[in-house]
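A.B. asks: return a 3D structure for these sequence lines:
(chains A and B, ligands or ions: 2)
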Amino acid sequence: MTVTSGPAGSSPHGILAPSAPGSPNDSSESVVRLEGVSKTYPSEPPVDALKDVSFTVHEGELVGIVGPSGSGKTTLLHLMGTLDRPTKGTVWLTGLEVGKLSDAELSALRAGRIGFIFQQFFLAEHQSVLDNVADGLLYTAVPLSERRDAAARALESVGLGAKLSSLPTKLSGGQRQRVAIARALVGSPAVVLADEPTGNLDQATGASILELFHELNEAGATIVVITHDRAVAAWMGRIIQVLDGRVVSDGPAGEWKRATGA
Amino acid sequence: MNPSLAPARLRARDLLRLSSIGIRTRKLRAGLSALGIAIGVAAIVAVLGLSSSSQAGLLAEINRLGTNLLTVTNGQTLFGQTAELPTDAPGMIGRIGPVTSVQYTGSVSNANAYKSPFVPSIDTNALSVDATSLGLPADIGTTLSQGVFLNAATQDEPICVLGAAAAQRLGIDKVFQGERIWVGGMWFYVVGVLNQAVLTSEIDSSVLIGFPAAEKYFNFDGNPSEIYVRTVDSAPQVNAVDSVLAATANPESPNEVDVSQPSDALVAEADAKAALNSLFLGLGAVSLLVGAVGVANIMVISVLERRSEIGLRRALGATKGHIRAQFMSEAILLSLLGGAVGVLAGAASTAVYASSKGWEVVVPPLAWGGGFGAAIVIGAVAGLMPALRAARMSPKDALWSV
Ligand SMILES: Nc1ncnc2c1ncn2[C@@H]1O[C@H](COP(=O)(O)OP(=O)(O)OP(=O)(O)O)[C@@H](O)[C@H]1O
Ligand SMILES: [Mg+2]
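C.D. replies: Numbers count the residues shown, from 1 in each chain, chains lettered A, B, ... in the order given. Ligands and ions are numbered 1, 2, ... in the order given. You can find the predicted model right below:
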């Protein structure tokens, strides 16, 4: 069963792709779709990191992926982000079958339709916050001045409108992660994929980042967050729980909360 | 295939910014790694520039002296003795059409010149005493550095003019009233000193006296031993005169006459200057090689250090080609910076040295163009392997293994 989050409005910030009006149920577009996906790492011994995983992320959803360490969450994110290919099964991104695309086409796909957020932020220390965010559009043929305009708007939307010319080294961890989030959002991607975005942040800052994801989702962004954070349920619309390479539950955050007693 | 999935081309400006990241963030390291190329290019540019400049200097000198001077020298007889030129040879030569001026000297072999009578007679200082015609300096392309030359009034007096080297060896750097030297057992007064005679260096070590004086004081027979012939200044005319000169000078035995063109030696020297100092070129090449290894080395390190940047760029949508282009152009830029510094340093040292010698400063296009070209090629070669390595990196390994 696929459950989606509440209705999503159009972006008040003007940088996010406007989502389909009304309830994003069966009528809404599938952004990421996995069908019978398995991943075996050819190490010695081989590791079955994912076993027969199937689910669909629809436009406008805010999905949390939870599970213990080693359960296959990051592997799942690699496959959704086209950074790796499944051993078995099929992955579709915005309706395109990943297995049929070349490396260069997948790069173009990532450039235009996927935004990544990492635990370690990965900001360029020698360039301003604005240019860090503008580089989110570097590989999309958008001219520099437009990239900067879009970056300024994205930074505005994550609450850093006053820090455009700061260097990342002058920012707090939470602010740096906001810069990274702005970089992921700047091209209005079809989906934003975040792996442990709060892993390097203290509890309160982490919670504020999750709250930001919630706001951005309200504004229309489709976001998938991998997290250990116990506060996750409060902000996500849907939780996919992974254990030992399998999806063990998938449903509204409220259900998961009740079932796990979190 | 989905047309919207065509990877975007990087704009030139973006590529330039990307390729300068490594250099901007690690300035000292970049500078040191480009040093080898800078030194190599500087050495090569300086060698090419200096040889061209000195060649230009020599050609200017040849131009000033003219290539239309021919010399006729008494050669050897069939029996190995010194042959004599007939006394009427200069007159005969003067009648050849394109000849514009004829001057001559005769070796006064029974006289030697000394600073004073007290100098032992074996200390001749390798000076020669020669009788001369009166228009010699202008004909051979030299001038007087001091005093006057012999003239119709002084040519039968015990009066002499010194070649540049002769004056130096006799210790005469200024011609004073009454300055005299001891020639063939009597005093001769010095009235002038010549500047260096580049085309006819035998004049430099000569003590020149008049033909009548030589005949009067030393029983000189009046036979010329060198005849200096100027012709109309065009190569065919010079050659035409050259071909008839021996027969005209000595119709009875033309093979006892040597004819030469003194500027030939200078032209050959100028050509030799163009044929470069291979030692320095070799050093430059070795330095370039070392520089290439330095750039390659720094690029390999840079690629390893910047794994996460590379992974991030791939995640942001860079293709392998984008990554390859970034690191290739970084290597080329680094090497070009070294090349630019090298060209400037090489040109500057050429300029300083050439102007100190009074030569025209010539840095041939081959030198600076070659310097930049070599830098680009070296950068491309040195950057290729690291760039391919960077492009091959798996983005997920680069981003999740830190
Ligand atoms: N490159 C690899 N080669 C071999 N095994 C791997 C590789 N990457 C991951 N694994 C294994 O696959 C399994 C799933 O790993 P994955 O990183 O997806 O887990 P995770 O849920 O993200 O864990 P964590 O919460 O600790 O980040 C683990 O057992 C891991 O050891
Ligand atoms: Mg993980």
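
A.B. asks: and the gap between B:Gly192 and B:Ala153?
C.D. replies: Distance from B:Gly192 to B:Ala153, counting by C-beta to C-beta, to the nearest Å: 14 Å. C-beta: built from backbone N, CA, C; applies to glycine.

A.B. asks: which one's more surrounded, the two?
C.D. replies: B:Gly192 (20 against 9; other C-beta atoms under 10 Å in any protein chain shown).

A.B. asks: I'd guess the more buried one is in a strand, am I close?
C.D. replies: Yes: according to DSSP: H, G, I helix; E, B strand; the rest coil, B:Gly192 belongs to a strand.

A.B. asks: go ahead and confirm it touches B:Leu162.
C.D. replies: Yes: counting by C-beta atoms under 8 Å, B:Gly192 touches B:Leu162, with 7.4 Å between them.

A.B. asks: can you tell if stretch A:41-53 touches ligand 1?
C.D. replies: Yes: residues of stretch A:41-53 are located near ligand 1 by C-beta under 6 Å from any ligand atom, namely A:Tyr41, A:Ser43, A:Val47, A:Ala49.

A.B. asks: about what we covered before: list residues touching both of B:Gly192 and B:Ala153?
C.D. replies: Common neighbours of B:Gly192 and B:Ala153, using C-beta atoms under 8 Å, 6 or more residues apart in numbering or on different chains, do not exist here.

A.B. asks: which parts of chain A sit against chain B?
C.D. replies: With the criterion set to C-beta under 8 Å from any C-beta of the partner chain, chain A comes near chain B through A:74, A:78, A:81, A:83-84, A:96, A:101, A:103-105, A:107-112, A:116, A:118, A:120, A:122, A:124, A:126, A:135-136, A:138-141, A:143-144, A:183, A:195.

A.B. asks: what about the helices in the stretch 201-350 of chain B?
C.D. replies: B:211-218, B:235-249, B:263-274, B:278-305, B:307-315, B:320-356 (DSSP state H, counting those that start in this stretch).

A.B. asks: minimum distance to chain A: which of these has it?
C.D. replies: Chain A lies closest to helix B:307-315 among the helices of the stretch 201-350 of chain B, at 4.6 Å (C-beta to the nearest C-beta).

A.B. asks: now the angle from that closest one to helix B:278-305?
C.D. replies: Helix B:307-315 runs at 70 degrees relative to helix B:278-305, counting by axes from the mean of the first three to the mean of the last three C-alpha atoms, to 10 degrees.

A.B. asks: what residues does helix B:307-315 touch?
C.D. replies: A:81, A:83, A:107, A:110, A:116, A:118, A:120, A:122, A:124, A:138-139, B:303, B:322-323, B:326, B:390, B:393-399, B:401-402.

A.B. asks: report the buried members of those.
C.D. replies: Buried residues within the contacts of helix B:307-315, counting neighbours by 16 or more other C-beta atoms under 10 Å in any protein chain shown: A:81, A:83, A:107, A:110, A:116, A:118, A:120, A:122, A:138-139, B:303, B:322-323, B:326, B:390, B:393-396, B:398-399.

A.B. asks: tell me the domain boundaries of chain B?
C.D. replies: B:12-62+B:267-400, B:68-262 (automatic domain parsing).

A.B. asks: show me the shaky parts of the chain.
C.D. replies: The chain I'm using is chain A. Within chain A, the stretches with pLDDT under 70 are A:1-28, A:230, A:233, A:261-262.

A.B. asks: wait, chain B
C.D. replies: Using pLDDT under 70, chain B drops low at B:1-3, B:270, B:273-277, B:402.

A.B. asks: which helix in it runs the most residues?
C.D. replies: In chain B, with assignment by DSSP state H, the single longest helix is helix B:27-65.

A.B. asks: which residue does the stretch 101-250 of chain A bring closest to chain B?
C.D. replies: A:Ala111 (2.3 Å).

A.B. asks: list the contacts of that residue.
C.D. replies: Each residue near A:Ala111 by C-beta under 8 Å, 6+ apart is listed here: A:Tyr139, A:Thr140, A:Gly187, B:Pro7, B:Ala8, B:Leu316, B:Gly317, B:Ala318.
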